[in-house]
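Asks: coordinates for the following, if possible.
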Amino acid sequence: MGEPYYDPYDVEINRDPYPAWRRLREEAPLYRNDTYGFYALSRYEDVERALVSWSTFPSSRGAIIELIQAGVPIPPGTLIFEDPPQHDLHRGLLSRVFTPRKMTALEPQIRDFCAQSLDPLVGEGGFDFIADLGAQMPMKVIGMLLGIPEEDQASVRDHADANLRTKPGQKMEVGDSLDLGSERFADYIEWRSKHPSDDLMTDLLNAEFEDEDGTVRKLTREEILTYITVIAGAGNETTTRLIGWAGKVLSDHPDQRKELAEDHSLIPNAIEEILRFETPAPHVARYVAKDVEYYGEQVPEGSIMLMLNGSANHDDRRFPDGDRFDIHREARGHITFGFGIHFCLGAALARLEGRVALEEVLKRFPEWTVETDKASLSPTSTVRGWESLPVTVP
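Replies: From the prediction side, this is the model:
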């Protein structure tokens with residue numbers, strides 16, 4: 001069998017990483033990859049602890065191997081790449097906007113977006129979970145939240161998607177600076193500042209807060225641009241992947257799908273289990289800010305640590321028989337949305353979108369079969385999921 005091996009850029013491993021991750025958990029809980037210059041943690045307890053240890057594993061250098069290695073300066077307001085106190089400040093601002101109450105109020109609109117996507121497909125004999133639903137509904141929801149006109153939403157999504165692309169088996173290319181593509185939002189912000197509305201962009205334009213040195217102020221245009229860009233990217237990508245995985249996993253487990261079709265009250269827990277079983281963002285990288293020891297081995301300051309959330313979510317120590325899919329499992333406690341200060345702000349929204357999408361699909365299509373030969377996995381190493389997932393419907 002040789003030594004355990006994991007390569008996040010290997011398309012074959014990425015197709016089914018679970019055997020490789022299982023070997024890491026059992027044989028190399030601190031794994032070192034010399035080819036790409038990173039260490040990796042794969043057990044639930046280690047990953048969970050590391051995610052909260054922001055002084056040892058800061059986010060301010062980025063959360064992707066290539067970004068950390070390139071030493072690219074990160075623009076302020078890139079919440080996922082910040083540490084306290086800046087992080088707490090920016091997160092506090094955004095959490096005013098992303099309240100559970102505000103998210104719950106979106107349910108009728110999310111349901112309507114799903115109906116717009118799915119109704120024309122009834123009687124067609126099949127559809128694509130990504131092209132016909134996963135790539136459309138989350139984009140419309142974020143577009144509505146941010147106040148981005150519908151005709152511009154697809155180009156915003158495609159830009160965020162292209163930013164995450166990697167060529168199969170290759171690392172992401174990083175330039176001298178982190179181009180978030182923020183400029184494309186400048187006109188919307190300018191227009192919205194003159195035409196306030198009931199959307200997130202207006203909320204951010206008007207928000208007052210006390211910054212690190214005690215000054216009460218509003219966000220600069222630059223900060224708002226960064227916020228909006230981060231939200232637009234994060235809000236589309238992972239929810240699209242979640243919807244794709246729901247299509248694939250439930251096609252593979254028709255008996256459990258039948259239970260969900262007959263009893264929609266089981267769907268919220270099924271969404272948790274899908275999130276655990278097929279983690280859309282399977283790993284997060286961190287810079288190692290000080291020497292740290294795992295399993296008798298020293299990880300020196302200046303290294304890169306890859307935390308394998310996807311592996312942690314399958315760890316039998318935390319989720320018994322973790323490689324088995326079970327909609328009745330107590331799946332909460334998974335770390336798909338991260339853990340600690342960087343717990344995903346959009347988690348409530350993603351859960352809501354996933355639940356409503358699955359309810360609406362099952363109402364119209366209680367059965368489907370994936371056309372495996374036509375389905376394709378996305379080539380990017382940072383998120384894992386389907387680029388196309390065509391299904392036939394009886």
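
Asks: from here on, just use CA atoms for contacts and neighbour counts.
Replies: Noted.

Asks: list the buried residues of the one helix or strand residue 95 maps to.
Replies: For residue 95, the host element (DSSP states H and E) is helix 86-97. Using 16 or more other CA atoms under 10 Å as the test for burial, helix 86-97 gives 86-87, 89-91, 93-94, 97.

Asks: any stretches of the protein with poor pLDDT?
Replies: 75-77, 156-157, 159-183 (pLDDT under 70).

Asks: longest helix anywhere in it?
Replies: helix 221-252 (DSSP state H).

Asks: quick one, what contacts the residue most central in space within the chain?
Replies: Geometric centre of the chain, nearest residue: residue 238, 3.7 Å, by CA atoms, centre = their mean. Contacts for residue 238 (CA atoms under 8 Å, 6 or more residues apart in numbering) come out as 280-281, 383.

Asks: could you redo the last one with a cut-off of 10 Å?
Replies: 134, 138, 244, 279-281, 337, 350, 383-385 (CA atoms under 10 Å, 6 or more residues apart in numbering).

Asks: what's the closest of the residues you listed to residue 2?
Replies: Among the contacts of residue 238, residue 384 lies closest to residue 2 (CA to CA), at 26.3 Å.

Asks: measure the closest one to residue 244 for me?
Replies: Per CA to CA, to the nearest Å, residue 384 is found 10 Å from residue 244.

Asks: what does residue 297 give?
Replies: Residue 297 is 39 Å from residue 244, by CA to CA.

Asks: on that earlier part again, can you check what angle separates the helix holding residue 95 from helix 221-252?
Replies: If you take axes from the mean of the first three to the mean of the last three CA atoms, to 10 degrees, helix 86-97 sits at 70 degrees to helix 221-252.

Asks: and helix 86-97, what does it pack against?
Replies: Helices and strands touching helix 86-97, by 3 or more CA pairs under 10 Å, 6 or more residues apart in numbering; DSSP states H and E, are helix 200-206, strand 208-210, helix 221-252.

Asks: and those: which comes nearest residue 80?
Replies: Proximity to residue 80, assessed across those by CA to CA, is greatest for helix 221-252 (8.5 Å).

Asks: am I right that residue 46 is in contact with residue 30?
Replies: Yes - taking contacts as CA atoms under 10 Å, residue 46 lies within contact range of residue 30: 9.3 Å.

Asks: which one of those two has more residues nearby?
Replies: Between residue 46 and residue 30, counted using other CA atoms under 10 Å, the more crowded position is residue 30 (21 against 16).

Asks: tell me how far the closest residue to that one other than its chain neighbours lies from residue 95.
Replies: Excluding the flanking residues, the one nearest residue 30 by CA to CA, 6 or more residues apart in numbering is residue 41, at 5.4 Å. Separation of residue 41 from residue 95 (CA to CA) stands at 30 Å.

Asks: all strands for the chain, in order.
Replies: For the chain, the strands defined by DSSP state E occupy 30-33, 38-41, 126-128, 208-210, 216-218, 284-287, 292-294, 297-299, 304-307, 369-370, 376-377, 386-388, 390-392.

Asks: got TSV for the ones you listed, with distance to residue 72 too?
Replies: Converted to TSV, these look like this (distance: least, CA to CA, whole Å):
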stretch	distance to residue 72
strand 30-33	22
strand 38-41	17
strand 126-128	38
strand 208-210	28
strand 216-218	27
strand 284-287	13
strand 292-294	24
strand 297-299	22
strand 304-307	15
strand 369-370	41
strand 376-377	29
strand 386-388	29
strand 390-392	38
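
Asks: for the stretch 51-200 of the chain, just list every one of the helices.
Replies: Along the stretch 51-200 of the chain, the segments classed as helices by DSSP state H, counting those that start in this stretch run 65-70, 86-97, 100-104, 107-118, 137-146, 150-163, 186-194, 200-206.

Asks: tally of neighbours for residue 153?
Replies: For residue 153, the neighbour count with other CA under 10 Å is 19.

Asks: list the contacts of stretch 318-326.
Replies: Contacts for stretch 318-326 (CA under 10 Å, 6+ apart): 18-19, 22, 43-45, 249-250, 252-253, 256, 269-270, 273-274, 276-278, 311-316, 329-334.

Asks: what do you get if the cut-off is 8 Å, keeping everything else the same?
Replies: Stretch 318-326 is contacted by residues 18, 44, 256, 270, 273-274, 277, 313-316, 331 when judged by CA under 8 Å, 6+ apart.

Asks: select only the buried ones of those in PyMOL?
Replies: Selection command for PyMOL covering only the buried members of the contacts of stretch 318-326, criterion 16+ other CA under 10 Å:
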select buried, resi 18+44+256+270+273+274+277+313+314+315+331
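
Asks: between the contacts of stretch 318-326, which is nearest residue 232?
Replies: Scanning these for proximity to residue 232, where the rule is CA to CA, the winner is residue 274, at 23.0 Å.

Asks: okay, the helices and strands packed on helix 86-97 in CSV with distance to residue 288 next?
Replies: Putting the helices and strands packed on helix 86-97 into CSV (distance: least, CA to CA, whole Å) gives the following:
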stretch, distance to residue 288
helix 200-206, 33
strand 208-210, 30
helix 221-252, 24
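
Asks: single out the most deeply packed of these.
Replies: helix 221-252 (a mean of 22; mean count of other CA atoms under 10 Å).

Asks: how far does that helix sit from its chain's centre?
Replies: 6 Å (CA atoms, centre = their mean, to the nearest Å).

Asks: stretch 353-373 now?
Replies: Centre-to-centre, stretch 353-373 and its host chain are 20 Å apart (CA atoms, centre = their mean).

Asks: I figured residue 309 was touching residue 42, is that so?
Replies: Yes - between residue 309 and residue 42 a contact is recorded at 7.3 Å, counting by CA atoms under 8 Å.
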